[in-house]
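Q: What shape does this take:
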Amino acid sequence: MLGRDVAAVEGHATAFGERDRSRIGDVLFTAQGLAAGQLVRDVSFDLRRGEIAGFAGLLGAGRTETARLVFGADRRSAGEMTMEGASYHPARAADAIAAGMGFCTEDRKAEGIVPEMTVAENITLALLPKISRNGILNEARQKEIVERFIRELDIKCSGPNQKVRELSGGNQQKVLLARWLAMNPKLLILDEPTRGIDVGAKAEIQRLIRKLADGGLGVLMISSELEEVMEGADRIFVLREGVRVAELEGQAANEEDVLAAMAHGGAAKEAA
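A: Have a look, this model is predicted:
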C-alpha cells in the first residue's frame, strides 16, 4: 500500500526516481572475502563515490552483519578492506568514523536516538569532540550546525531544544541522518532507512538519499523492501546465508533474477 501511495505521487514505486549515473566517480571502498563465523562467510563488493549500492537478501542473509564488519562494530575473522585505496582495518567504530564513515542502524530507538536528549544534542552527539575545547562546548557553533540541518533536512520540530522522543519516526530518522552528515562522511551505511515511518516521510528520506549520492556521497543501503533496493540502488549485491551470490544493475535488474538469487543463490550475474 505504501509503495502504491508513493507511486501515485512520483510515478514510481518509490521516490528515488531516475539517476544520472555519469555523476558516479571512482572506487571509494572495497571488501574482499569478508567473514565472521557463520553469519558472514564470504562477502566481496565495492562502492564508488556518488553511488548507491544496495544489499538485498532474506532474513539471515548476513546484510546487517556485513555492514557491522565494515563499520568496525564487529570483528571479522577473514577478509581485506580498503578505503580510498588504502588498507582499512577498523578495530572499533571510532576507526570507521575517523576514516569517514557513518552508520544509521536498523533500530533507531535502541541504537540510534537518545530519547531524553534534545534534537540539538542528538544531532551533535558524534561531533562533540570537534566543537568542544578543554571540555567546554562551543554553543554558538552547535547552534549554527543544528539550525543548518534542521533547515536543510526539513526536520519538523518546535525547535532545537525539543526532546527527540517527541518527534515522529520520520523526523527521528532525519535527526540520525543529520548526526552523521554533520561529520561530513565519505561513506554512509543506511540499514532499513525507511522502516517504520509514514509514507510521506518515506518519500522524503528516499529523495534525500538520492540527493546525498548526487552530491558525491557513497551510500550503502540495506532494505528488506525489494522495490526500494531495485529503484534506489545503482548496483545490487545479493547476499544469501552469508555469501554474496549475485551482483546486478539496480534499476535495470530483473525482479525474478533478484528473487531467485535471494532464495536459491546460483551463479553471480556480474554488472557490466
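
Q: which residues are contacting the helix ranked longest in the chain?
A: Looking across the chain with DSSP state H, the single longest helix is helix 199-214. For helix 199-214, the external contacting residues (Cβ atoms under 8 Å, 6 or more residues apart in numbering) are 2, 5-6, 9-10, 14-17, 19-20, 23, 50-52, 153-154, 168-171, 173-174, 177, 181, 188, 190, 193-194, 197, 219, 221, 228, 232. C-beta coordinates here come from the backbone N, C-alpha and C atoms, glycine included.

Q: Now a PyMOL select for only the buried ones of those.
A: Filtering the contacts of helix 199-214 down to the buried ones (16 or more other Cβ atoms under 10 Å) takes a single PyMOL command:
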select buried, resi 2+6+10+14+15+16+19+50+51+52+153+169+170+171+173+174+177+181+188+190+193+194+197+219+221+228+232
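
Q: burial measure for the residue lying closest to Gly37 once chain neighbours are set aside, as a count.
A: Nearest non-adjacent residue to Gly37, counting by Cβ to Cβ, 6 or more residues apart in numbering: Ser77, 6.6 Å away. Neighbour count for Ser77, taken as other Cβ atoms under 10 Å: 12.

Q: for Ser77, what are its contacts?
A: Neighbours of Ser77 in contact, by Cβ under 8 Å, 6+ apart: 35-37.

Q: and which of those is nearest Arg240?
A: Ala35 (14.6 Å; Cβ to Cβ).

Q: hey, what's that closest one bridged with?
A: Ala78 (DSSP bridges).

Q: so Ser22, which of the three states?
A: Assigned by DSSP: H, G, I helix; E, B strand; the rest coil, the conformation of Ser22 is helix.

Q: same deal with the one 10 residues further on?
A: Following three-state DSSP, we place Gln32 in the strand state.

Q: Look at it and report its pLDDT.
A: pLDDT, Gln32: 97.

Q: go on, Asp5?
A: pLDDT, Asp5: 47.

Q: 34 is where my numbering starts, stick with that
A: I'll keep to 34 as the first residue from here, and by that count the last item is Asp38.

Q: pLDDT weak spots in this protein?
A: Along the chain, segments meeting pLDDT under 70 span 34-44, 143, 299-305.

Q: Do you have the helices of the chain handy? List them.
A: Counting by DSSP H, the helices of the chain are 35-43, 96-103, 126-132, 141-144, 152-156, 172-185, 202-214, 232-247, 259-265, 288-297.

Q: Could you say which one of the ones you listed comes nearest to Leu281?
A: Here helix 288-297 is closest among the helices of the chain (Cβ to Cβ), at 6.5 Å.

Q: so what does that closest one touch, helix or strand wise?
A: Contact partners of helix 288-297 among helices and strands, from 3 or more Cβ pairs under 8 Å, 6 or more residues apart in numbering; DSSP states H and E: strand 85-89, helix 259-265, strand 268-273, strand 276-282.

Q: Not counting its own residues, what contacts the first one?
A: Put plainly, it is strand 85-89. 52, 78, 80, 96, 99-100, 242-243, 246, 251-256, 259, 262-263, 265-272, 283, 291, 294-295.

Q: quick one, what contacts the closest residue to Ser257 other than its chain neighbours?
A: Nearest residue to Ser257, sequence neighbours excluded (Cβ to Cβ, 6+ apart): Glu225, at 6.6 Å. If you count contacts by Cβ under 8 Å, 6+ apart, Glu225 has them with 139, 255-257.

Q: what's the spacing between Glu225 and Gly265?
A: Using Cβ to Cβ, to the nearest Å, one gets 12 Å for the distance from Glu225 to Gly265.
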